[in-house]
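> when you get a sec, could you give me coordinates for this:
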Amino acid sequence: MRTDSSPGTDPSLGVLPAREHLPAGVGDAPVLDVVIPVYNEERDLGPCVRRLHQHLVGTFPYRFRITIADNASTDATPDVAAALAAALPEVRHARLEQKGRGRALRTVWSASDAPVLAYMDVDLSTDLNALLPLVAPLISGHSDLAIGSRLARSSRVVRGPKREFISRAYNLILRGSLQARFSDAQCGFKAIRRDVARVLLPLVEDSGWFFDTEMLVLAERAGLRIHEVPVDWVDDPDSTVHIVKTATDDLKGVWRVGRALAVGALPLDRLARPFGDDPRDRQVPGVPRGLARQLVGFCVVGVLSTLVYLLLYSGFRTFTGSQVANALALLVSAVANTAANRRLTFGVRGRDRAVRHQAQGLVVFAIGLALTSGSLAALGAASADPAHSTELAVLVAANLAATVLRFLLFRAWVFPEPTAPASPPVPGAPHASRPVYDHELRTGR
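As a prediction, this is how the structure comes out:
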């Protein structure tokens, strides 16, 4: 059962299809594959897997699989895992010769045939009653990823002050540096749809503890839907995680991802609007698509660039005439304004067509220059020696008029709306279809 009102996307474009409700009882593949990454967990692995298996048998309405991902253990963990796989038909064992939780998850998830992929820590700190609420939105097609949150108001958490401080500090760092909106990046209780993982995982570089944080940041920046579930969580006092080393590696990962996002090095456009069922992509008569958001972004950028322009004008005016000062200040602020609007207002990322956009922005700048220069010329004709405050007032009024014109030109010419080519009708499907974006036609993504 489809969850959108459109016939979907063209697979030849390399984008993901529309979300669909996952059918139960069809084929031999399980609906859910729960991965448990382990390293030297010979004592806890058996009780963990048996408890999880018993819970899924009693509560989960679909076929499932439990996969033990052994991260190059040196104790008896492989033997315990093999014994569990032999005793329980829903359990399998995967051996990796290199350590790294992220590496284990990437390897197992990439090879799994289950449409919903999840993982949890072997200590089972998270109450298993949250598992079905975690994966249900992915099965129904409502969400793309799901995470357990220990920081939600309704969560019930028991842990020491040191781990509590580290967890909250880390999430504050993510919010401040990467503008992350999800509440808990480190909870070992997450799930993702396989079709999303197939496109998202190749973009994730980390193979250790920062893996899922990086995955969430990229998913959020690409506009994917992340579902959060409040969990009951009890700290494991015997945890073998090295807090200082993990925190250091996480901060390095935050710096790396933040730098990549700042320079547009990540091809997130291949994930933007991936499913074809986003209501913002639908043409509604009388409602220009994205107009409200673009107006807000343009106004914010406009206010900041106007302040920069006035400061530059005042600085240049100390050693040159008003016309030259106006031209120099407007040129510098126009380049910055075009770059900011390109990224923040119209959502264009990467370096593709950046030179062309700047060239078109300079044409818009020339129109603004004509308006402001004409206003200064008219002021000079009216008064031989106008006050500096009068010049600034005239420039503000002229810039307001130029701003309105700049927005219209940006929207209609520099960053036009994507076009939707006609496609043959799909029997039994509505006529609305997802627009094909320029970057998809050029790159095949």
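> before we move on, what SS does K190 have?
Counting by DSSP: H, G, I helix; E, B strand; the rest coil, the backbone at K190 sits in strand.
> one more: V157?
Per three-state DSSP, the secondary structure class of V157 is strand.
> over to the one 5 residues further on?
Following three-state DSSP, the label given to K162 is helix.
> and it, how far from V254?
As defined by C-beta to C-beta, to the nearest Å, K162 lies at a distance of 20 Å from V254. Bear in mind the C-beta positions are built from the backbone N, C-alpha and C, glycine included.
> more crowded one of those two?
Just comparing K162 and V254: by other C-beta atoms under 10 Å the higher neighbour count belongs to V254, 22 against 10.
> so what's the more buried one up against?
For V254, the contact set (C-beta atoms under 8 Å, 6 or more residues apart in numbering) comprises 173-174, 177-178, 210, 213.
> which helix or which strand is home to it?
Using DSSP states H and E, V254 sits within helix 243-262.
> so for V31, what's the nearest residue that isn't a sequence neighbour?
Spatially, and ignoring its direct neighbours in sequence, V31 is nearest to Y62 (3.8 Å; C-beta to C-beta, 6 or more residues apart in numbering).
> and for that neighbour, the neighbour number?
Counted with other C-beta under 10 Å, Y62 comes out at 18.
> A29 is in contact with that one, correct?
No. Using C-beta atoms under 8 Å, Y62 makes no contact with A29, being 10.6 Å away.
> residues near G361, how many?
Neighbour number of G361 under other C-beta under 10 Å is 23.
> same deal with A118?
23.
> contacting residues for it?
A118 makes contact with 32-35, 131, 134-135, 190-192, according to C-beta under 8 Å, 6+ apart.
> can you check A336 too?
A336 neighbours (C-beta under 8 Å, 6+ apart): 305, 308.
> re earlier: quick check: the gap between the residue nearest to V31 and L56.
Relative to L56, and taking C-beta to C-beta, Y62 is found at 9 Å.
> could you list the low-pLDDT ranges of the stretch 201-350 of the chain?
In the predicted model, the stretch 201-350 of the chain carries pLDDT under 70 at residues 237-244, 269-290.
> and with 50 instead?
For the stretch 201-350 of the chain, applying pLDDT under 50 flags the ranges 276.
> please enumerate the helices of it.
Counting by DSSP state H, counting those that start in this stretch, the stretch 201-350 of the chain has helices at residues 211-221, 243-262, 291-317, 322-340.
> and the nearest residue to V35 once chain neighbours are set aside, what element?
Excluding the flanking residues, the one nearest V35 by C-beta to C-beta, 6+ apart is Y119, at 4.3 Å. Assessed by DSSP H and E, Y119 sits inside strand 116-120.
> next structured bit after that strand?
Downstream of strand 116-120, the first helix or strand assigned by DSSP H and E is helix 131-140.
> in that next one, what counts as buried?
Residues 131-132, 134-139 are the ones in helix 131-140 that count as buried (16 or more other C-beta atoms under 10 Å).
> the following helix or strand past that helix: how far from the chain's middle?
Going down the chain from helix 131-140, the next helix or strand is strand 145-149, by DSSP H and E. Relative to its chain's centre, strand 145-149 lies at 14 Å (C-alpha atoms, centre = their mean, to the nearest Å).
> counting by contacts, list what strand 145-149 packs against.
Judged by 3 or more C-beta pairs under 8 Å, 6 or more residues apart in numbering; DSSP states H and E, strand 145-149 is in contact with helix 131-140, strand 189-193, helix 211-221, strand 226-230.
> how many neighbours does the residue nearest to V35 have?
By other C-beta under 10 Å, the residues close to Y119 number 22.
> list the contacts of it.
34-37, 105, 188-191.
> if we can go back for a sec, name the residues of the helix holding V254 that are buried.
246, 250, 253-254, 257, 260-261.
> the inter-axis angle of that helix versus helix 211-221?
Relative orientation of helix 243-262 versus helix 211-221 (axes from the mean of the first three to the mean of the last three C-alpha atoms, to 10 degrees): 30 degrees.
> alpha carbons of helix 243-262, as CSV, please.
Taking Å, rounded to 0.1, in the frame of the first residue of the first chain, the C-alpha atoms of helix 243-262 are listed here in CSV:
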residue,chain,number,x,y,z
ILE,A,243,34.7,7.3,27.3
VAL,A,244,37.7,9.6,26.7
LYS,A,245,38.8,8.0,23.5
THR,A,246,35.2,7.8,22.2
ALA,A,247,34.6,11.4,23.0
THR,A,248,37.8,12.5,21.3
ASP,A,249,36.9,10.5,18.2
ASP,A,250,33.4,11.9,18.2
LEU,A,251,34.7,15.5,18.3
LYS,A,252,37.1,14.7,15.4
GLY,A,253,34.1,13.4,13.5
VAL,A,254,32.0,16.5,14.3
TRP,A,255,34.8,18.7,12.9
ARG,A,256,35.2,16.6,9.7
VAL,A,257,31.4,16.5,9.0
GLY,A,258,31.0,20.2,9.8
ARG,A,259,33.8,21.2,7.4
ALA,A,260,32.4,19.0,4.7
LEU,A,261,28.9,20.5,5.1
ALA,A,262,30.3,24.0,5.1
